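Asks: Based on what follows, work out the 3D shape:
(chains A, B, C and D)
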Number of protein chains: 2
Amino acid sequence: MAKRASMSDVARVAGVSLTTASRALSGVGRVSAETRAKVIETAERLQFQPDMIARSFVTGRSFIVGVLAEHAHGRFSMPLIVGATNYLGRENIAAVTLDAHGTPRVLTEYLKRLRSRRIDGILVVGDDPNRASLVLSEDFAVPVVFASSSATPETDYVVAPDNRGAGRAAAEHLIDLGRRDIAHVTAAVHEPAVDARVAGFTAAMDAAGLKIAMGGGPLYGSYLQRWGIDAAERIIASGQPVDAIFAANDEIAMGLFGTFHRHGIRVPDDIAIIGYDNRLGGVMRPDVPLSTFDPDLVTVGERAAERLLTVIGGEGSPGIDYVQPRFIEGRSTLGPTLEPYDVL
Amino acid sequence: MAKRASMSDVARVAGVSLTTASRALSGVGRVSAETRAKVIETAERLQFQPDMIARSFVTGRSFIVGVLAEHAHGRFSMPLIVGATNYLGRENIAAVTLDAHGTPRVLTEYLKRLRSRRIDGILVVGDDPNRASLVLSEDFAVPVVFASSSATPETDYVVAPDNRGAGRAAAEHLIDLGRRDIAHVTAAVHEPAVDARVAGFTAAMDAAGLKIAMGGGPLYGSYLQRWGIDAAERIIASGQPVDAIFAANDEIAMGLFGTFHRHGIRVPDDIAIIGYDNRLGGVMRPDVPLSTFDPDLVTVGERAAERLLTVIGGEGSPGIDYVQPRFIEGRSTLGPTLEPYDVL
DNA sequence: GCTGATCGCGCAAGCGTTTTCGCACCAGGG
DNA sequence: CCCTGGTGCGAAAACGCTTGCGCGATCAGC
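Replies: Predicted structure coming up:
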């Protein structure tokens, strides 16, 4: 069992001091070109691998970050976490993933652990209900980046999907298709993601000189399919003209579609529908049934991790970094007429 | 900026030697009860947190494991990874997540990095195509556990969903419902997961003295919805009696259902259907449309991580640890008759 | 009261790197 | 020839913890 070569082994074999070896390999400090070459050659020959733990020990940088998730198993957390940890891994950074859902006492315990590891930074994934307790003491002030969270953008580093942009894009696309009576069926008002999408949607409609269908504003409800069904009923009952709808998520969109279909209203012929979330993302059929936005949470996670490393490196400044949701054109806007079977 | 208290600080304040402080806090070695109490009290008062890096440095244990994923972003990898990393986090173990998809050269580079960190163990998630290159040199022989992988069960530590058990459970459930002409529409033969489900299914049918419908064996095809559609057509065209089907995944099941519905065959009244994967898992409707199995990959990941820590601790022996897929009873076996709208 | 075992504790080595300080050497300007 | 400034390199400290070894004190057994 050949032991691993240490740096002093390299130094000895190369005939230089440990100091010189360290400098030659790390690239800092003054070493002559020939000495450096000799050391590097020796290191390779001995298959030298620097011991990161020893390095961490002396530099204080652990090359480990903490990933604090609201609810790690959640639909939205998973891609964020995987995106982030995967990026970190590529950059040779380890992650200790902690599920913050629990009492503030648990969070405190977790923070202790992170400090104990001399963590380089923290990535907060999703909205942490205990966010208020995320107070870093002065002797443990590491960079924090928020992924897809409603943090305060002025002082925090945030990476999030561009809900506003998606709302705008949805409206613009429907307008481009020639639709004029466009409604927006969304979830609860004052939810950050909802408000942002409403704002973008409204702005695009205003810019086109169009009034939002069904009363000039969004229809607020919930994220449930049930609400989509109810909203469709309400739209039909109102008798008001509606030829397109932007739904706050795919569940609502499916509720709308099912109800319209039952009433003989064709999609997209009579009413075009755009959803959000891409929940059905390529699950079924080769042809995409529902037009929707994929918030690309994996990318959000990656970018958040990238940003965290930047901040750890001492660069970058606070603010929100938006990731553009990817529009996926499906038959609910493109045609041919969507049948229930198509969605299966 | 108060510096962190080190163990020697604790020792000094408590009036003992560094050695004694270490022993009192770690619990190993001989220390009198009163001294121990005094040290612990002092440590708490000073908010002492042991420096894990220093500890790693001296003990050689890094409290970091490598997570090697086949394709981290994949549908199946994500829950495995999240389950594993989350469990590890709970146990205060960090993870460096690496996507092994790439050349063997990349994998070699990754292994170097892991060695460089003195990793405690490796978790292989999913089937690694480069598995053959996962050769650990003798100076880097750490425990390896495979999560949901087709590793060799005699020599490796494996945690996987019990596909065999699911196949058996599916058949048994359908038999319990009084069905007698039960078919199995599955994917490609010789795929480990497929074969295992076939084996379980066949065993249960044999035990009940029943012959598998549609020729005594499974219908092999692919995992695509298209195959479900084709299989349904074939079943209908054959004229053979079939009153229940176990499909290899939910896509196939949906293809079956859609086609049957178009032909006026009611589900579950005429034909009951059970799928696999729980892809639609609670996405839509409050009532579950499709009866299916949830392989509970998060749990598989957790158990694999748990197992890895056990092996690192020097215990446990090779073999497969099966996680039982969770049966989810939906309307495709329970009724009332499933309509396309219900699935939306 | 003597011997040997056990107990409680401290000294000091050691883990592998980075980094500060300092020394010797050399070239160029005064 | 001296001084300055730069260059190439090495000695040694430091990081915070674990642990083998040893020493005095206490204790059990006879």
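Asks: what about the helix or strand hosting A:Gly200, average pLDDT?
Replies: Secondary structure assignment for A:Gly200, by DSSP states H and E: helix A:192-207. Taken as a whole, helix A:192-207 has an average pLDDT of 94.
Asks: Tell me the neighbouring strands of the next helix-or-strand element following it, and mark each as parallel or antiparallel.
Replies: Once helix A:192-207 ends, the next helix or strand along the chain (criterion: DSSP H and E) is strand A:219-220. As defined by DSSP bridges, the strand partners of strand A:219-220 come to strand A:182-186 (parallel).
Asks: Now that A:Ser6 has come up, it's in contact with A:Asp51, right?
Replies: Yes: contact criterion CB atoms under 8 Å: A:Ser6 and A:Asp51 qualify, at 7.2 Å. (Glycine included, C-beta is placed from N, CA and C.)
Asks: Poorly predicted segments of the stretch 201-344 of chain A, please.
Replies: A:281-287, A:335, A:339-344 (pLDDT under 70).
Asks: hmm, try it at 50
Replies: Regions of the stretch 201-344 of chain A meeting the criterion pLDDT under 50 are absent.
Asks: Please work out which residue of it is closest to DNA strand D.
Replies: A:Ile312 (19.6 Å; CB to the nearest atom of the strand).
Asks: and that residue, what does it touch?
Replies: A:Val65, A:Asp120, A:Gly121, A:Val142, A:Pro143 (CB atoms under 8 Å, 6 or more residues apart in numbering or on different chains).
Asks: List the contacts of the last one.
Replies: With contacts defined as CB under 8 Å, 6+ apart, the neighbours of A:Pro143 are A:Asp120, A:Gly121, A:Ile122, A:Tyr157, A:Leu308, A:Val311, A:Ile312.
Asks: Where does confidence bottom out across the contacts of A:Ile312?
Replies: Ranking the contacts of A:Ile312 by pLDDT, A:Val142 lands last with 89.
Asks: looking at this, A:Pro320 is in a helix?
Replies: Not quite, residue A:320 is Ile, not Pro. No: using DSSP: H, G, I helix; E, B strand; the rest coil, the assignment for A:Ile320 is strand, not a helix.
Asks: Residues of chain A that sit close to DNA strand D?
Replies: Counting by CB under 7 Å from any atom of the strand, chain A comes close to DNA strand D at A:15-20, A:23, A:29-32, A:34-36, A:57-58.
Asks: what about the strands in the stretch 1-150 of chain A?
Replies: Under the criterion DSSP state E, counting those that start in this stretch, strands of the stretch 1-150 of chain A are mapped to A:64-69, A:94-99, A:121-125, A:144-147.
Asks: Just the C-alphas of the shortest one, formatted as CSV.
Replies: Only the C-alpha atoms of strand A:144-147 are listed here, as CSV (Å, rounded to 0.1, in the frame of the first residue of the first chain):
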residue,chain,number,x,y,z
VAL,A,144,-25.0,34.3,1.5
VAL,A,145,-26.7,33.9,-1.9
PHE,A,146,-30.4,33.3,-2.3
ALA,A,147,-31.7,31.1,-5.0
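Asks: If you count neighbours, what's buried in it?
Replies: Buried residues in strand A:144-147, counted by 16 or more other CB atoms under 10 Å in any protein chain shown: A:Val144, A:Val145, A:Phe146, A:Ala147.
Asks: Mind listing residues that contact it?
Replies: With CB under 8 Å, 6+ apart, strand A:144-147 has contacts from A:80, A:84, A:121-126, A:134, A:136, A:156-160, A:300-301, A:304-305, A:307-308, A:311.
Asks: please redo it, this time with the cut-off set to 6 Å
Replies: When contacts are defined by CB atoms under 6 Å, 6 or more residues apart in numbering or on different chains, strand A:144-147 is touched by residues A:80, A:122-125, A:156-159, A:300-301, A:304, A:307-308.
Asks: go on, the first one?
Replies: Contacts made with strand A:64-69 from outside it, assessed by CB under 6 Å, 6+ apart, are listed as A:77, A:81, A:93-100, A:114, A:117, A:119-125, B:94.
Asks: how many degrees apart are that strand and strand B:94-99 in direction?
Replies: 90 degrees (axes from the mean of the first three to the mean of the last three CA atoms, to 10 degrees).
Asks: distance between strand A:64-69 and the chain's centre?
Replies: Taking the mean of its C-alpha atoms, strand A:64-69 sits 15 Å from the chain's own mean (CA atoms, centre = their mean, to the nearest Å).
Asks: Please apply the same query to the last one.
Replies: In terms of CA atoms, centre = their mean, the centre of strand A:144-147 is set 10 Å apart from its chain centre.
Asks: average pLDDT for the helix or strand that comes right after that strand?
Replies: Note on strand A:144-147: by DSSP H and E, the next helix or strand toward the C-terminus is strand A:157-161. The average pLDDT within strand A:157-161 is 93.
Asks: Mind checking which of the residues of chain A next to DNA strand D are in helices?
Replies: Within the residues of chain A next to DNA strand D, residues falling in helices by DSSP state H are A:Leu18, A:Thr19, A:Thr20, A:Arg23, A:Glu34, A:Thr35, A:Arg36, A:Phe57, A:Val58.
Asks: Backbone dihedrals for the nearest residue to the fourth one once chain neighbours are set aside, please?
Replies: Yep, that's A:Arg23 we're talking about. What sits nearest to A:Arg23 in space, not counting adjacent residues and going by CB to CB, 6 or more residues apart in numbering or on different chains, is A:Gly29, at 3.9 Å. When read as degrees, to the nearest 10, the backbone of A:Gly29 gives phi 80, psi 180.
Asks: Next, count neighbours for A:Gly29.
Replies: 10 (other CB atoms under 10 Å in any protein chain shown).
Asks: Could you tell me the model confidence score at it?
Replies: A:Gly29 is given a pLDDT of 81.
Asks: again, but for A:Ala147
Replies: 92.
Asks: what about the closest residue to it other than its chain neighbours, neighbour count?
Replies: Nearest-residue entry for A:Ala147: A:Ala304, 3.6 Å, with adjacent residues in sequence omitted and distances by CB to CB, 6+ apart. Residue neighbour count, defined by other CB under 10 Å, stands at 29 for A:Ala304.
Asks: go on, the one 5 residues further on?
Replies: Counted by other CB under 10 Å, the residues lying close to A:Leu309 total 21.
Asks: before we move on, what about A:Glu315?
Replies: Other residues close to A:Glu315 by other CB under 10 Å number 8.
Asks: same question, the one 10 residues further on
Replies: Other residues within reach of A:Pro325, judged by other CB under 10 Å, total 26.
Asks: how about the helices in chain A?
Replies: A:7-14, A:18-26, A:33-45, A:52-59, A:77-90, A:104-116, A:163-176, A:192-207, A:225-238, A:250-262, A:297-312, A:331-334, A:340-343.
Asks: Noted, bye for now.
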